[in-house]
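In: Sharing a model prediction with you, sequence too.
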Amino acid sequence: METVADYKEIVDEIKANGGEAFNRCYQCGLCDAVCPWNRLIPFSMRKVVRQATFGMTDIESEDIWRCTTCGSCPQQCPRDVGQIESGISLRRLATEYGIFPNAVKPLRSVSASLTGAGNPMGEDRQARADWAEGLDVKPFTEGMDVLYFPGCYLSYDPRLKKVARATAAILNHAGVDYGILGSRENCCGESIRKTGNEDLFKRLARENIKTFIDSGVKKILVSSPHCYHTFKNEYPEFMVSFDVVHISQFLFELLEAGRLGPLRECRRRVTYHDPCYLGRHNGVYDEPRKALGAIPGMELVDMPDSRANSLCCGGGGGRIWMETLKGERFSDIRVAQAVGVGADVLATSCPYCIANFEDSRLALKDDADIEIMDLSEIVLEAMQP
C-alpha cells in the first residue's frame, strides 16, 4: 500500500486489533535497551512501534514475531505503550491475512493440532493422562479439593512427563485430595493467543471453562506459568473466577505446613531461573526460593539478570513453536550464566524454560556440565531416602 489513505486504513486495522497504545510512544528507546534480542542480533521494538504508528508495518516481516512477550520493556516504558498488547495486534493482522514468514510457518500445524486434538503437538487426546500410569492419580470429581492441570508439555513431552510424575508423587505423599481431567483437558490457549489467533484462544478457553464448571472445579493447581497467567488473569474476561495456584507456591505451603516430612540433606549448588510469566508477569519470586531454601545442605545462588530482571528463555509469545536459529537463542546465554556461577543445577518452574535449557545444554556440550531440573523434581529428590 502506498497512499496516505491506505496507510490510514492499516492504522485503523491495527487499532481495531488492540494496538491503539502505539500512539503514546515518543521513541525514547528504553524498550530496545532491555530487549534480550539485542544481546544476540540487532532488533528494534521502537522501530516496529514507529512503523505501526504510521501504518507502514510490513506484516510479512519476521520482526513482528520476534517478541517473546517477556515483559522486560513494559516495566521500563514511561508512556505505557503496551508493547506486548500492541505487538499482538500486529500478529492478529498477519493471522487474519494468513501471512507467516518461514520461521513462523509451524504455527499453521500448531493451530490445526490445537483445533483437532486440544494440544499443540497433535498427540492423541485419549493419551493425555498416560504420564500418570502406575501412579495413584484419580480422575477429578466434584468435591475434590484441587484440580491438578499439568498442561500440554507435561502431558506429552518425554522429558517433561517426569515433572508431572514428580508433582503427583509429592501430592500423594502430602495427602492432597486432587484429581486430573485427562482427556477432558485442553491447552490453556495462552501461547496461541500471543501469536494473534484470538478466535482459537477463545474456543479453547470456553471449552476449558465449561469443563471446569461442569466438573465443580474451584481450585486449580498448575505447573506452567503460562497456564497460571491465563487462568488467573485472562479467563476472568469470560466472567469466571477460579482459585489458581502455581506449583512453586503450593510446594512452599506444603513445606511450611510440614506435610512433606523431614527432607534429607542435598549438598548441591543450585541457581534458580525466574520464568517470565511467573516472575515479571505475576510477581512470584520468593516462594520458589523459599522452597529450595527449606532443603538441608542446598546452596542457592543467583545468576546475573535475576528476579524482575530475569533473562527470558526465549519460549514465550508462541516462540516455543517457532524456529529460532543457532546463535539466536536466549537459553544459550542463560545456561552459560548458570555455569558461570558454579551451579550444579539450573532450577526453574516452567516447561518452556526446561525444554529450551535442555536443548541449550546439549548444544553447548562440554561447556554446560549442569543439570536442568524443575522445582518439583528437586523437592521430590530431597524427600526420598
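Out: Structure received.
In: In this protein, which residue is most central in space?
Out: With distances taken as C-alpha atoms, centre = their mean, His226 lies nearest the centre of the chain, 3.9 Å away.
In: Spell out which helix or strand contains that residue, please.
Out: Taking DSSP states H and E as the criterion, His226 maps to helix 225-229.
In: Provide the strand pairings for the helix or strand that that helix is followed by, with the direction of each partner.
Out: Heading C-terminal from helix 225-229, the first helix or strand you meet, by DSSP H and E, is strand 243-246. Strands that pair with strand 243-246, judged by DSSP bridges, come out as strand 219-222 (parallel).
In: ok so, going back, other residues contacting the helix holding His226?
Out: For helix 225-229, contacts defined as C-beta atoms under 8 Å, 6 or more residues apart in numbering pick out 149, 151, 188, 190-191, 222, 244-246, 275-278, 281-282, 284, 316, 349-350, 352. For every residue, glycine as well, the C-beta is placed using N, CA and C.
In: quick one: low-confidence parts of this structure?
Out: For the chain, applying pLDDT under 70 flags the ranges 1-21, 54-58.
In: all strands for it, in order.
Out: Here the chain has its strands, by DSSP state E, at 146-149, 178-179, 219-222, 243-246, 269-272, 299-301, 345-348, 371-374.
In: Tell me which of the ones you listed sits nearest to Cys35.
Out: Nearest to Cys35 among the strands of the chain is strand 345-348 (21.1 Å), distances taken as C-beta to C-beta.
In: now that closest one: how far from the chain's centre is it?
Out: Averaging C-alpha positions (C-alpha atoms, centre = their mean, to the nearest Å) puts strand 345-348 16 Å from its chain's average.
In: repeat for stretch 214-231
Out: That offset, for stretch 214-231, works out to 13 Å (C-alpha atoms, centre = their mean).
In: hey, C-alpha coordinates of that stretch in PDB?
Out: Below are the C-alpha coordinates for stretch 214-231, written out as PDB (Å, rounded to 0.1, in the frame of the first residue of the first chain):
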ATOM      1  CA  ASP A 214     -19.400 -28.800  34.900                       C
ATOM      2  CA  SER A 215     -16.900 -30.700  37.000                       C
ATOM      3  CA  GLY A 216     -17.300 -28.400  40.000                       C
ATOM      4  CA  VAL A 217     -13.700 -27.100  39.900                       C
ATOM      5  CA  LYS A 218     -12.900 -24.400  42.400                       C
ATOM      6  CA  LYS A 219      -9.100 -24.600  42.900                       C
ATOM      7  CA  ILE A 220      -6.600 -25.300  40.100                       C
ATOM      8  CA  LEU A 221      -3.000 -26.300  40.600                       C
ATOM      9  CA  VAL A 222      -0.700 -25.700  37.600                       C
ATOM     10  CA  SER A 223       2.900 -26.500  36.700                       C
ATOM     11  CA  SER A 224       3.100 -24.000  33.900                       C
ATOM     12  CA  PRO A 225       3.400 -20.200  34.500                       C
ATOM     13  CA  HIS A 226       1.600 -19.800  31.200                       C
ATOM     14  CA  CYS A 227      -1.400 -21.700  32.400                       C
ATOM     15  CA  TYR A 228      -1.200 -19.800  35.700                       C
ATOM     16  CA  HIS A 229      -1.200 -16.500  33.900                       C
ATOM     17  CA  THR A 230      -4.100 -17.200  31.600                       C
ATOM     18  CA  PHE A 231      -6.300 -18.900  34.200                       C
END
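In: In it, which residues are buried?
Out: For stretch 214-231, the neighbour count (16 or more other C-beta atoms under 10 Å) marks 215, 217, 220-231 as buried.
In: quick one on the thing from earlier: so of the strands of the chain, which one's packed in deepest?
Out: strand 345-348 (a mean of 25; mean count of other C-beta atoms under 10 Å).
In: Could you identify the most distant pair in the buried residues of stretch 214-231?
Out: Once C-beta to C-beta is applied, those give Ser215 and Pro225 as the farthest pair, at 23.3 Å.
In: re earlier: closest to Leu325 out of the buried residues of stretch 214-231?
Out: Of all the buried residues of stretch 214-231, His226 has the smallest distance to Leu325: 23.4 Å, by C-beta to C-beta.
In: measure the closest one to Val146 for me?
Out: His226 is 19 Å from Val146, where distance means C-beta to C-beta, to the nearest Å.
In: And for Glu96?
Out: 39 Å.
In: Hmm, Arg108 and Gly122 touching each other?
Out: No. Contact criterion C-beta atoms under 8 Å: Gly122 and Arg108 do not qualify, at 11.9 Å.
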